[in-house]
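>>> Requesting a structural model of the entry that follows:
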Amino acid sequence: VASRMQKAGYVTGGLGKWHLGAAKPFQPNNRGFDFFFGFRGGGHRYFDVDLNERLHEGYYSALERNGQPEGLDRYLTTALTDEAIGFMERNRDKPFFLYLAYNAPHGPLEAPESYKEKYKHISDTKRRTYAAMVHALDDEVGRVVSTLDRLNLRENTIVYFLSDNGGPEQANSSDNGPLRGGKGEVYEGGIRVPFIVSWPGRILEGSVNDSPVMSIDLMRTSLELAGAPIDEKLEGVNLMPYLEGSKSAAPHEALFWRMENGSDYAVRSGPWKLAKARDRKGVQLYNVEEDIGESNDLASVKPE
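Alright, predicted model coming up:
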């Protein structure tokens, strides 16, 4: 997406978690990002950096700014917001595309004491820290949006907010509510996530669309809004007609997921979801509109 946005004349920034390859051809600055600050691995500690570790060796490794190692002198969630604000301020007079991948509330569970103090009533120490991390993240997202307001860019900027997967409940005391399963699974607890889009003046405040969509749609949407070149084979749907209300049909006839090299998979079409999961033999069938917790397997009674 970044290289395509560059071709459309956008300045591109990437911040935070990368996890898309550490070898040179796969590094952010070689994948269309004019600016990158963050880490290449799957996670990072929130207060500590070891500048003696190689850039992508682990959670203690140095952060990097455009390929050069850098230390950390504040809470990482705050640092990423500071960098986001700087990027927006530097490019306020240019079209920009910013990918801000906070690692919070990914492990390790670490939060500032001031935030943990707000949740001292929670006896579960994991849950207490998790709540503090989410609260801090919420505040930092607020700083990003406030900056768009301050720079008078809010009505000319589309903002997407989403998680990359459901919570791993045992690992961090997150709670997926009525949803079955969690991170790494094709049950709803692993793949159904919060998704918010905001664009004052274009998308009606408080409006809700219940049609299933997928994160790949964000690339298609952004590229079409930017007037970028689009390959005919590019997947995804431009969501703007659905978000603005000019289209009411479901954007997708079906959505597909695959995990664990294909041993787990799922297909969603309308209310129906077909799933193959490592914890069960055979395929399962659920009506997720009537059975959001995926407790009533209908595969045997609706084989068609």
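>>> can you list the weak-confidence ranges in the protein?
Residue ranges of the chain with pLDDT under 70: none are present.
>>> Show me the helices in it, by range?
Along the chain, counting by DSSP state H, helices occupy 2-7, 76-90, 113-118, 125-150, 169-172, 188-191, 216-226, 240-244.
>>> just checking, what packs against the first one?
Going back to what we said before, that points to helix 2-7. Helices and strands touching helix 2-7, by 3 or more Cβ pairs under 8 Å, 6 or more residues apart in numbering; DSSP states H and E, are strand 11-17, strand 96-101, helix 216-226. Glycine gets a C-beta too; all of them are placed from N, C-alpha and C.
>>> cool, and the fourth one?
Counting contacts by 3+ Cβ pairs under 8 Å, 6+ apart, helix 125-150 is packed against helix 76-90, helix 113-118, strand 159-162.
>>> among those, which is the most enclosed?
Burial of those is given as mean neighbour count (mean count of other Cβ atoms under 10 Å); helix 76-90 ranks first at a mean of 19.
>>> For Ser173, find the nearest of the helices and strands packed on helix 125-150.
Evaluated over the helices and strands packed on helix 125-150, closeness to Ser173 peaks at helix 113-118, with 13.5 Å, by Cβ to Cβ.
>>> all strands for the stretch 201-304 of the chain, in order.
Chain-ordered strands for the stretch 201-304 of the chain, with DSSP state E, counting those that start in this stretch as the definition, fall at 255-259, 264-269, 272-276, 284-287.
>>> what would the helices and strands packed on helix 125-150 look like in a markdown table with distance to Pro69?
Rendered in a markdown table, the data for the helices and strands packed on helix 125-150 read as follows (distance: least, Cβ to Cβ, whole Å):
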| stretch | distance to Pro69 |
| --- | --- |
| helix 76-90 | 15 |
| helix 113-118 | 28 |
| strand 159-162 | 30 |
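>>> of these, which approaches Asn287 most closely?
Sorting the helices and strands packed on helix 125-150 by Cβ to Cβ, the top spot, which is the nearest, belongs to strand 159-162 at 24.6 Å.
>>> which helices and strands sit right next to the closest one?
Counting contacts by 3+ Cβ pairs under 8 Å, 6+ apart, strand 159-162 packs against helix 125-150, strand 195-198.
>>> Please report how far the nearest residue to Ser248 once chain neighbours are set aside lies from Val144.
On the basis of Cβ to Cβ, 6 or more residues apart in numbering, the spatially nearest residue to Ser248 that is not a chain neighbour turns out to be Tyr242, at 7.7 Å. When distances are taken as Cβ to Cβ, to the nearest Å, Tyr242 and Val144 turn out to be 24 Å apart.
>>> same thing with Lys116?
23 Å.
>>> Next: Leu100.
Counting by Cβ to Cβ, the separation of Leu100 from Val144 is 7 Å.
>>> what do those two both touch?
In terms of Cβ atoms under 8 Å, 6 or more residues apart in numbering, Leu100 and Val144 are both contacted by the residues Ala84.
>>> Neighbours of the residue nearest to Ser248, how many?
For Tyr242, the neighbour count with other Cβ atoms under 10 Å is 20.
>>> likewise Trp18?
Under the neighbour criterion other Cβ under 10 Å, Trp18 is assigned a count of 23.
>>> same thing with the one 3 residues further on?
Other residues near Gly21 number 14, with proximity taken as other Cβ under 10 Å.
>>> Just name the most buried of the helices of the chain.
The most buried stretch of the helices of the chain, if neighbours are counted by mean count of other Cβ under 10 Å, is helix 188-191, with a mean of 24.
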